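[1] Sharing a model prediction with you, sequence too.
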Amino acid sequence: RKYKYLGAVSDTNCNVYCLPSGTERVLRINTSTNTVDEIGPSLYESGMERLKQNKWQNGFYSAVDKCVYAIPLAAETVLKIDLNANANNDQNQNEEPIVSTMA
């Protein structure tokens, strides 16, 4: 794999989401706790995206719907990271965002 991630987007809660290019999961870096974890399913194994390399490059955070969107490079889909699970539930900040794709 030449490039694991191509781009990263921050949210309003000290998290940075690295967008997968040659890897199969989103990488989340929490800058307040200095922790790193992978979130969401394997994009290839789950059938969300058929490509294994050069999927998405760069993205943006939408304050309107509290989601991160990744821009397709060679992917056939747009990657969406829905942060609303944490935003709507102050008592359970450990709940993972929902990673999905849009055709």
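    Cool, the structure landed. Numbering: from 1, shown residues only.

[2] So which helix or strand of the chain has the lowest pLDDT on average?
    The helix or strand of the chain with the poorest confidence is helix 84-87; it has a mean of 74 (mean pLDDT, DSSP states H and E).

[3] Any stretches of the chain with poor pLDDT?
    Where the chain drops to pLDDT under 70, the residues are 1, 86-94.

[4] can you give me the strands in it?
    Per DSSP state E, the chain carries strands over the ranges 5-10, 15-20, 26-30, 35-39, 56-62, 67-72, 78-82, 98-102.

[5] need those in CSV with mean neighbour count and distance to E49, can you?
    All C-beta atoms are positioned from the backbone trio N, CA, C, and that covers glycine. Shown next, in CSV, are the strands of the chain (neighbours: other C-beta atoms under 10 Å; distance: least, C-beta to C-beta, whole Å):
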stretch, mean neighbour count, distance to E49
strand 5-10, 16, 14
strand 15-20, 22, 9
strand 26-30, 18, 12
strand 35-39, 13, 15
strand 56-62, 17, 9
strand 67-72, 20, 9
strand 78-82, 20, 8
strand 98-102, 16, 6
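
[6] To M48, which of the ones you listed lies closest?
    Using C-beta to C-beta as the measure, strand 98-102 is the one of the strands of the chain that comes nearest M48, at 4.4 Å.

[7] Mind listing residues that contact the closest one?
    If you take C-beta atoms under 8 Å, 6 or more residues apart in numbering as the criterion, strand 98-102 is touched by 25-26, 39-41, 43, 48-49, 75, 77-82, 84-85.

[8] what do you get if the cut-off is 6 Å, keeping everything else the same?
    Applying C-beta atoms under 6 Å, 6 or more residues apart in numbering, the contact partners of strand 98-102 are 26, 40, 48, 77-82.

[9] Just the angle for it relative to strand 56-62, thanks.
    Angle of strand 98-102 versus strand 56-62, following axes from the mean of the first three to the mean of the last three C-alpha atoms, to 10 degrees, is 110 degrees.

[10] mind listing what strand 98-102 pairs with, with the direction of each?
    According to DSSP bridges, strand 98-102 forms sheet pairs with strand 78-82 (antiparallel).
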